[in-house]
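[1] Dropping the sequence and predicted coords here.
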Amino acid sequence: MVPDGNNCKKHFTPDNVDDPIVWTSEICDKTTAAATNHKRSNVSALLKKSKTSIANIRRQARERRDYLYRKALLLRDASIAEKRAKLKASIASGKPLDPSVANDKTLREDFKYDESLPTSSKPGDANSKDSDMLDLDDEYVLTSGIVDPRPLITTSRSPSARLSTFAKEMRLLIPTSIRINRGNLVIPDLLASAKASALSDMIVLHEHRGTPTAITVSHLPHGPTASFSLHNVMLRADIPNSARGTVSESYPHLIFEGFTTKLGARVVKILKHIFPPREANGKLGSRVVTFKNIEDSIEMRHHVFVKTGYNSVELAEVGPRMTMRLFQIRGGTLEKDSGGEVEWALSQYTRTSRKKDYL
């Protein structure tokens, strides 16, 4: 503790000093200088810390802007390529064009002279050149198949016992995930810790009166963020005749069925990248996770292989079991100022179209 210079006159003056006034003034000067230096060091430390935090915020914002700009350019090129494919197919078949394509004068002028831009016979084809071009700046392309994902699983604040149990079972479902108790942490602090720890995703579970009602999957560091509502959630203890004992944490086989649209392919990409990839030449795993789309309701099941004979196996359900319904996909993370646009959202007008499947 550095003494205050204003109180230096109250210090004891020894008897062997020739001039007590000079001695007291020297002590006052030294004490005041020490107090001033101490305050300056504290202020400089605070300024340095604030400058570092501001620099990190600016760097993250700059990376986000660059990413969104590159993404916008690729989406624009993909839109042009899709229009070129429609124009080429119309010229070959003689069928009338869509007005949005027919009235694009620039597209027709470029099409006469330039055949170098990629076109695909089927818009949205997974094997087309357009999809390869989009994958160059995809959110998952840098780490997919190279580094195992490490999702962070947490809950809303003050979770019930059932939601905590559901979070533990989700941790066992995803073998490379990490579960933490939410406590009093807020979303920005959780995201900052997850990014600093190089975690790949953040999964937040929500509830209403003890019943799990929603799950949010946010890819780090730039998104996207997908939100699903949960229905008919059954834990391991709720499933009759479910396989008991220790849950296998081997990398599961993933089965996706019924996802036929671009939005469905987007959902598949988000869900499959929270699980670690299996090696192509590895030994047969002991469990399988299934996502089946039935009229935009995604049924999730978790089974293990049980050997019943020398050459025969059966599937035994382990749990948890749930039905997921997508209600929003947007760019960016869970932060409010992440700057992501809404890619798709379930609205009241979407609900009225019962005959159309969006996934």
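    Everything's here; your move. Treat the numbers as computed from the prediction; the structure is a model and nothing was measured.

[2] Beta-bridge partners for the residue most central in space within the chain, please?
    For the chain, the residue nearest the mean C-alpha position is residue 219 (1.6 Å; Cα atoms, centre = their mean). Per DSSP bridges, residues listed as beta-bridge partners of residue 219: residue 201.

[3] ok, it touching residue 269?
    No - under the criterion of Cβ atoms under 8 Å, residue 219 is not in contact with residue 269, lying 9.7 Å apart. Just so you know, the C-beta spots here come from the backbone N, C-alpha and C atoms, and that holds for glycine as well.

[4] Show the model's pLDDT score for the residue nearest to the centre of the chain.
    Note for residue 219: predicted pLDDT of 92.

[5] Tell me the spacing between it and residue 61.
    Residue 219 sits at a distance of 18 Å from residue 61 (criterion: Cβ to Cβ, to the nearest Å).

[6] Residue 320 now?
    Look at residue 320 and residue 61: by Cβ to Cβ, they are 38 Å apart.

[7] neighbour-wise, which of these two wins?
    Between residue 320 and residue 61, residue 320 has the larger neighbour count (other Cβ atoms under 10 Å), namely 25 against 13.

[8] Residue 177: neighbouring residues, count only.
    Using other Cβ under 10 Å, the number of residues around residue 177 comes to 22.

[9] residue contacts, the spatially closest residue to it that is not a sequence neighbour?
    What sits nearest to residue 177 in space, not counting adjacent residues and going by Cβ to Cβ, 6 or more residues apart in numbering, is residue 151, at 4.5 Å. Residue 151 sits next to 174, 176, 177, 178, 199, 200, 201, 202, 203, 217, 274 when contact means Cβ atoms under 8 Å, 6 or more residues apart in numbering.

[10] picking that back up, quick check: neighbours shared by residue 219 and residue 269?
    Residues touching both residue 219 and residue 269 (Cβ under 8 Å, 6+ apart) are residue 140.

[11] pLDDT weak spots in this protein?
    Applying pLDDT under 70 to the chain picks out residues 1-51, 105, 107-137, 282-283, 338-339, 350-355.

[12] all strands of the chain, in order?
    Ranges of strands in the chain, per DSSP state E, are 151-155, 178-179, 201-208, 211-219, 225-234, 253-257, 287-294, 297-307, 313-317, 321-330, 342-345.

[13] Mean neighbour count, those: which tops it?
    Counting by mean count of other Cβ atoms under 10 Å, strand 151-155 has the highest mean neighbour count of the strands of the chain, with a mean of 22.

[14] Next one: residue 343 relative to residue 91, how far apart?
    32 Å.

[15] Which parts of this structure belong to which domain?
    Here the domain parsing of the chain from automatic domain parsing is 66-123, 151-352.

[16] got those as a markdown table, with distance to residue 359 columns?
    Below are these laid out as a markdown table (distance: least, Cβ to Cβ, whole Å):
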| stretch | distance to residue 359 |
| --- | --- |
| domain 66-123 | 17 |
| domain 151-352 | 4 |
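
[17] So for residue 53, which of the ones you listed sits nearest?
    domain 151-352 (10.1 Å; Cβ to Cβ).

[18] Run through the bridge partners of residue 254.
    Counting by DSSP bridges, the residues bridging with residue 254 are residue 289.

[19] contacting residues for it?
    By Cβ under 8 Å, 6+ apart, residue 254 lies in contact with 272, 275, 288, 289, 291.

[20] Now the two most distant members of those.
    Using Cβ to Cβ, these span at most 13.3 Å, a distance reached by 272 and 288.

[21] who does residue 326 bridge with?
    Residue 326 has these beta-bridge partners by DSSP bridges: residue 228.

[22] Residue 270 versus that one, what's the distance?
    Taking Cβ to Cβ, one finds residue 326 at 9 Å from residue 270.

[23] Give me the common contacts of those two.
    With contacts defined as Cβ under 8 Å, 6+ apart, the residues shared by residue 326 and residue 270 are residue 226.

[24] got a list of what the closest residue to residue 155 other than its chain neighbours touches?
    The spatial neighbour of residue 155 that comes closest, neighbours along the chain excluded (Cβ to Cβ, 6+ apart), is residue 205 at 4.8 Å. Contact analysis of residue 205 by Cβ under 8 Å, 6+ apart lists 153, 154, 155, 156, 159, 163, 166, 167, 170, 212, 214, 215.

[25] pretty sure the fourth one is touching residue 204, no?
    The one in question is residue 156. Yes - counting by Cβ under 8 Å, residue 204 is a contact partner of residue 156 at 7.0 Å.

[26] for the protein, what spans make up the helices?
    20-93, 99-102, 105-113, 129-135, 161-173, 187-196, 262-272, 348-352 (DSSP state H).
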